[in-house]
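[1] no sequence on hand, only this structure:
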Ligand SMILES: [Fe+2]
Ligand SMILES: [Fe+2]
């Protein structure tokens, strides 16, 4: 996307970078909380193992963006306490609906995050190739999570279209609000 610094209200490159780091940190924080919520509810060992692996990778993404926030002197989103509760709650509710519904939640979240990271990669300048490499690495993990969820029968979840719709909207809303405050 072309970025004209002379338009009033347009973000300066440094603000753009800060916004990108803040929203990515918020997203990875939310992802950790979703999987922690699912782990608390899921009973069968095979889905626990799948979610544990995804949780481990989300924790690594979160550590990366925690460091990025510190290095670039960016504060986390004001809404972090909300994502702490909402993420966990989403994990608990979807896992309570069953392992397939838990996977359906992952499909919805990861599709939105993949799109979000793709947009960010297109917007960030070549000067931040280091950050772009990090984002691309995370994006590939997110696509892998989506594929795991699809392989594990996410689409056979009860009320799959509804879960997908609600979680997609909620994730998009979380991104929208975390970019702003
Ligand atoms: Fe992630
Ligand atoms: Fe993920």
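    The structure has been received and is ready for your questions. Fair warning: this is a prediction, and the values are worked out from it, not measured in the lab. Ligands and ions are numbered 1, 2, ... in the order given.
[2] what helix or strand is the spatially most central residue of the chain on?
    Central residue check for the chain by C-alpha atoms, centre = their mean: the C-alpha nearest the mean position is that of residue 27, 3.7 Å away. Element membership for residue 27, per DSSP states H and E: helix 13-41.
[3] burial of the residue in the chain that ligand 1 sits nearest to, as a residue count?
    Nearest residue of the chain to ligand 1: residue 61, at 3.7 Å (C-beta to the ion). Yep, even glycine has a C-beta here, placed from its N, CA and C like the rest. Residue neighbour count, defined by other C-beta atoms under 10 Å, stands at 24 for residue 61.
[4] so who does it touch?
    28, 31, 138, 141 (C-beta atoms under 8 Å, 6 or more residues apart in numbering).
[5] now the third one. Nearest residue, chain neighbours left out?
    So the one you mean is residue 138. Among residues not flanking residue 138 along the chain, residue 61 sits closest, at 4.9 Å (C-beta to C-beta, 6 or more residues apart in numbering).
[6] circling back to that earlier point, separation between the residue of the chain closest to ligand 1 and residue 53?
    13 Å (C-beta to C-beta, to the nearest Å).
[7] next one: residue 118
    Distance from residue 118 to residue 53, counting by C-beta to C-beta: 23 Å.
[8] and for residue 146, the neighbour number?
    Applying other C-beta under 10 Å, I find that residue 146 has 20 neighbouring residues.
[9] so it touches residue 115, yeah?
    No: using C-beta atoms under 8 Å, residue 146 is not in contact with residue 115, being 11.1 Å away.
[10] ok, of the contacts of residue 61, which come out buried?
    Buried members of these, counted by 16 or more other C-beta atoms under 10 Å: 28, 31, 138, 141.
[11] from these, pick the one nearest ligand 2.
    residue 31 (5.1 Å).
[12] residue contacts, the closest one?
    If you count contacts by C-beta under 8 Å, 6+ apart, then residue 31 has 58, 61-62, 87, 109, 113 around it.
[13] narrow those residues to those in strands?
    Among the contacts of residue 31, no member falls in strands (DSSP state E).
[14] redo those as JSON lines? Include pLDDT and distance to ligand 2.
    Formatted as JSON lines, the contacts of residue 31 follow (pLDDT from 0 to 100; distance: C-beta to the ion, whole Å):
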{"residue": "58", "pLDDT": "97", "distance to ligand 2": "5"}
{"residue": "61", "pLDDT": "97", "distance to ligand 2": "7"}
{"residue": "62", "pLDDT": "97", "distance to ligand 2": "10"}
{"residue": "87", "pLDDT": "95", "distance to ligand 2": "12"}
{"residue": "109", "pLDDT": "96", "distance to ligand 2": "7"}
{"residue": "113", "pLDDT": "94", "distance to ligand 2": "6"}
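[15] so which bits of stretch 106-118 are buried?
    Across stretch 106-118, burial judged by 16+ other C-beta under 10 Å covers 106-114, 116-117.
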